[in-house]
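A.B. asks: here's a sequence, model it:
(2 chains)
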Number of protein chains: 2
Amino acid sequence: MKIVGVIGLGKMGKPMACRLIQAGYTVIVHSRSPGPVEEVVALGAAGAPTPRDLASQADVIITSLPDSSAVELVFLGEKGIREGASQNSVLVDTSTIDPQTSRRIASVLLQQRVEMLDAPVSGGQAGAIAGTLSIMVGGPETAFKRVLPVLEQLGRTITHMGPSGTGQLTKLANQIIVAVNYVAIAEGLVLGAKAGLDPVKLIQALQGGLAQSRCLELKGERIIDGNYEPTGRLTLHIKDLRYALQTAHSLGVPLPITSMVHQYFEATRAAGRGDWDHSAVVTLFEDWAGVKIRQS
Amino acid sequence: MKIVGVIGLGKMGKPMACRLIQAGYTVIVHSRSPGPVEEVVALGAAGAPTPRDLASQADVIITSLPDSSAVELVFLGEKGIREGASQNSVLVDTSTIDPQTSRRIASVLLQQRVEMLDAPVSGGQAGAIAGTLSIMVGGPETAFKRVLPVLEQLGRTITHMGPSGTGQLTKLANQIIVAVNYVAIAEGLVLGAKAGLDPVKLIQALQGGLAQSRCLELKGERIIDGNYEPTGRLTLHIKDLRYALQTAHSLGVPLPITSMVHQYFEATRAAGRGDWDHSAVVTLFEDWAGVKIRQS
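C.D. replies: Predicted coordinates:
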């Protein structure tokens, strides 16, 4: 398990590739955009012209891609991973996609005896850089055990959830909680701002009690600064909420608040903020109340 | 500041009184129910027959009461605190009540030169027992500084938010975030349960990433066990949400999700679970999806 391929060098894939280089793995990369490839190659990685080419050389193939259709194309499309992977490879998809698509791709690959894990992550870009992600893994236990040393370079909480698709299902629960929690924070902080409270003190008091959360810890200060430089893009979170609602529908689970929150995320995108950080849903509530959460 | 009075010996007031006795303060208590009074007297406190009587003896008077009307009665009613308090007393109301009532009571007392702080707390009964509460204080800075050593026996995060009422406003933001976060957790865990995920692993994975929260940390295991023994009662949280929505209305702040969540709390109460823990809103979502979040 010494040669690791990374496909997709976005906000999450690039820091993952960098950590693996630093950990001493031989790293091969492939990405649509040439800029990140050059950066990672400069740090010691090799480039591969196609996913197929990369897959034919690597023991472990990690993908970090934006959505279900991108994953389907890279795994099963022309010059895709399937054409290069062998029985000795383990495929690890860290993208967040819908569980049904994830299971379908895994079962296609299993027909040629290639094992695939769904292994979406949470913790944002900061977690990817620090190697402290939560990694939620679905798929065969044997494959999980084989790649665990590689995953341990990327994450701190690594949980084997069960069979194929269970990693994605876990991530959907995660995305529901994060999105709804951002709106919880939005309503609480906007009320405080309109009442004239100092937001720095407000966040300090909230973090000391039951309202404490990682979202508030990582994003509170940025919200006060009006800094929505993305560590995770709002449009990508909208996609995750869509997958969650589709999955909930197929299982017969009503998600009334997630459904509303999904629409507030859409309203934030409609206001031209789709490329901002996912916490930017807060700005919608600021607009409605006619107030900014900022230090006076 | 050696004699401390505690009025209201419920889930929060009783452990507060016990901590102060342990810390070496002379403690006087008053409560409607005789049981808790006897318990605390057995530990070394003195009992007082009325709030007036208690207030005439204590340097610091701490109240822990269920709602605005109880606070109004105990402070301004017949044989109430006002009749016993002097310019040397500091009154510290740790109840969660509406900010307007809190400010009004403080201004009535200020007319007779008695200083009152609003100092609601978060962290639940566990935080009260361990002395790790978050205490959100509004009122005169001089009074705050005088009682700080007493508050330090009760809480770990003690924040002076500003003038009278700002402690209550902070607590309302806290209660919004906690209530909405419980529903976030409900929707995420119920989806996971219906999809067949192991809830113990699910919570472990969620706590490792952006979905982490104190609510999930303290209540996750209880939710799996179906244990809704109250550390904070649902009906009391409903009252807090009502105060939050009233305050938001008067300030012109729309709170669409809090408003919906308030109704889900009401639906939980309507199902006969008003005396359960406030996290019991989760059971409503279990009922809707026809599934229990429990270990298989």
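A.B. asks: next, the angle helix B:166-194 makes with the helix ranked longest in chain A.
C.D. replies: Among the segments of chain A that qualify as a helix by DSSP state H, the longest is helix A:166-194. Helix A:166-194 runs at 160 degrees relative to helix B:166-194, counting by axes from the mean of the first three to the mean of the last three CA atoms, to 10 degrees.
A.B. asks: pull out the buried residues from the following helix or strand past helix A:166-194.
C.D. replies: Beyond helix A:166-194 in the direction of the C-terminus, DSSP states H and E gives the next helix or strand as helix A:199-207. Taking 16 or more other CB atoms under 10 Å in any protein chain shown as the basis for neighbour counts, the residues of helix A:199-207 that come out buried are A:Pro199, A:Lys201, A:Leu202, A:Ile203, A:Gln204, A:Ala205, A:Leu206, A:Gln207. For the C-beta atoms, the positions are set from N, CA and C on the backbone; glycine is no exception.
A.B. asks: for the spatially most central residue of chain A, what are its contacts?
C.D. replies: Nearest to the mean C-alpha position of chain A, by CA atoms, centre = their mean, lies A:Val121 at 5.1 Å. The contact partners of A:Val121, taken as CB atoms under 8 Å, 6 or more residues apart in numbering or on different chains, are A:Met12, A:Thr94, A:Gly127, A:Ala128, A:Leu133, A:Ser134, A:Ile135, A:Met136, A:Leu154, A:Gly155, A:Lys171, B:Gly209.
A.B. asks: export those as TSV, with columns for pLDDT, neighbour count and secondary structure.
C.D. replies: Converted to TSV, the contacts of A:Val121 look like this (pLDDT from 0 to 100; neighbours: other CB atoms under 10 Å in any protein chain shown; DSSP: H, G, I helix; E, B strand; the rest coil):
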residue	pLDDT	neighbour count	secondary structure
A:Met12	96	26	coil
A:Thr94	98	28	coil
A:Gly127	93	26	helix
A:Ala128	96	26	helix
A:Leu133	96	29	strand
A:Ser134	95	27	strand
A:Ile135	98	29	strand
A:Met136	98	35	strand
A:Leu154	98	26	coil
A:Gly155	98	26	strand
A:Lys171	98	33	helix
B:Gly209	93	28	coil
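A.B. asks: need those residues in TSV with distance to B:Gly232, can you?
C.D. replies: Converted to TSV, these look like this (distance: CB to CB, whole Å):
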residue	distance to B:Gly232
A:Met12	38
A:Thr94	38
A:Gly127	31
A:Ala128	36
A:Leu133	33
A:Ser134	28
A:Ile135	34
A:Met136	30
A:Leu154	38
A:Gly155	34
A:Lys171	30
B:Gly209	26
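A.B. asks: ok, those vs A:Val27, which is closest?
C.D. replies: Closest approach to A:Val27 among those (CB to CB): A:Leu154, at 12.4 Å.
A.B. asks: go through stretch A:139-153 and flag the buried ones.
C.D. replies: With the criterion 16+ other CB under 10 Å, stretch A:139-153 contains buried residues A:Gly139, A:Pro140, A:Ala143, A:Phe144, A:Arg146, A:Val147, A:Val150, A:Leu151.
A.B. asks: quick one: which of those residues sit in helices?
C.D. replies: In helices, defined here by DSSP H, the members of the buried residues of stretch A:139-153 are A:Ala143, A:Phe144, A:Arg146, A:Val147, A:Val150, A:Leu151.
A.B. asks: can you give me the domain boundaries for chain A?
C.D. replies: Structural domains of chain A, as assigned by automatic domain parsing, span the residue ranges A:3-164, A:170-289.
A.B. asks: chain center to the first one: distance?
C.D. replies: Right, domain A:3-164. Distance of domain A:3-164 from its chain centroid, counting by CA atoms, centre = their mean, to the nearest Å, is 12 Å.
A.B. asks: first to last residue in it, what's the distance?
C.D. replies: End-to-end distance for domain A:3-164, by CA to CA, to the nearest Å: 24 Å.
A.B. asks: show me where pLDDT drops low in chain A?
C.D. replies: Judged by pLDDT under 70, chain A has its weakly predicted residues at A:1, A:296.
A.B. asks: show me the beta-bridge partners of the one residue in the stretch 1-150 of chain A that gets nearest to chain B.
C.D. replies: Among residues of the stretch 1-150 of chain A, the one nearest chain B by CB to the nearest CB turns out to be A:Ser122. It sits 2.7 Å away. For A:Ser122, the residues forming beta bridges with it (DSSP bridges) are A:Ser134.
A.B. asks: what's the helix or strand encompassing A:Ala55 in contact with?
C.D. replies: For A:Ala55, the host element (DSSP H and E) is helix A:51-57. Helix A:51-57 is touched from outside by A:3, A:5, A:7, A:28-30, A:48, A:61, A:74-75, A:79-86, A:89, A:91, with contacts defined as CB under 8 Å, 6+ apart.
A.B. asks: cross those against strands and list the overlap.
C.D. replies: Assignment to strands by DSSP state E places the following of the contacts of helix A:51-57 there: A:Ile3, A:Gly5, A:Ile7, A:Ile28, A:Val29, A:His30, A:Ile61, A:Leu91.
A.B. asks: distance to A:Ala55 and neighbour count added to the residues you listed, as a markdown table?
C.D. replies: Written out in a markdown table, the entries for these read as follows (distance: CB to CB, whole Å; neighbours: other CB atoms under 10 Å in any protein chain shown):
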| residue | distance to A:Ala55 | neighbour count |
| --- | --- | --- |
| A:Ile3 | 11 | 16 |
| A:Gly5 | 7 | 32 |
| A:Ile7 | 9 | 31 |
| A:Ile28 | 9 | 24 |
| A:Val29 | 12 | 28 |
| A:His30 | 9 | 26 |
| A:Ile61 | 5 | 30 |
| A:Leu91 | 8 | 28 |
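A.B. asks: greatest separation within those residues: which pair is it?
C.D. replies: Of all pairs drawn from the ones in strands among the contacts of helix A:51-57, the greatest distance, 15.4 Å, lies between A:Val29 and A:Leu91 (CB to CB).
A.B. asks: what parts of the stretch 1-150 of chain A come near chain B?
C.D. replies: Applying CB under 8 Å from any CB of the partner chain, one finds that the stretch 1-150 of chain A approaches chain B through A:Pro99, A:Val121, A:Ser122, A:Gly123, A:Gly124, A:Gly127, A:Leu133, A:Ser134, A:Met136.
A.B. asks: what is the nearest of the residues you listed to A:Ile185?
C.D. replies: Taking CB to CB as the measure, A:Gly124 is the one of these closest to A:Ile185, at 15.3 Å.
A.B. asks: nearest residue to the closest one in space, please, no chain neighbours.
C.D. replies: A:Thr231 (4.4 Å; CB to CB, 6 or more residues apart in numbering or on different chains).
A.B. asks: A:Leu148 now?
C.D. replies: Spatially, and ignoring its direct neighbours in sequence, A:Leu148 is nearest to A:Ile158 (6.9 Å; CB to CB, 6+ apart).
A.B. asks: ok, residues contacting whichever strand or helix holds that neighbour?
C.D. replies: Per DSSP H and E: A:Ile158 is located in strand A:155-162. Outside strand A:155-162, the residues that touch it by CB under 8 Å, 6+ apart are A:121, A:123, A:127, A:131-138, A:141, A:144, A:148, A:151-152, A:167, A:169-170, B:196-198, B:201-202, B:204-205, B:207-209.
A.B. asks: cutoff 6 Å now
C.D. replies: A:132-138, A:144, A:151, A:167, A:170, B:201, B:204-205, B:208 (CB atoms under 6 Å, 6 or more residues apart in numbering or on different chains).
A.B. asks: now for the residues you listed: which two are most distant?
C.D. replies: A:Thr132 and A:Gly138 (20.9 Å).
A.B. asks: sounds good, over and out.
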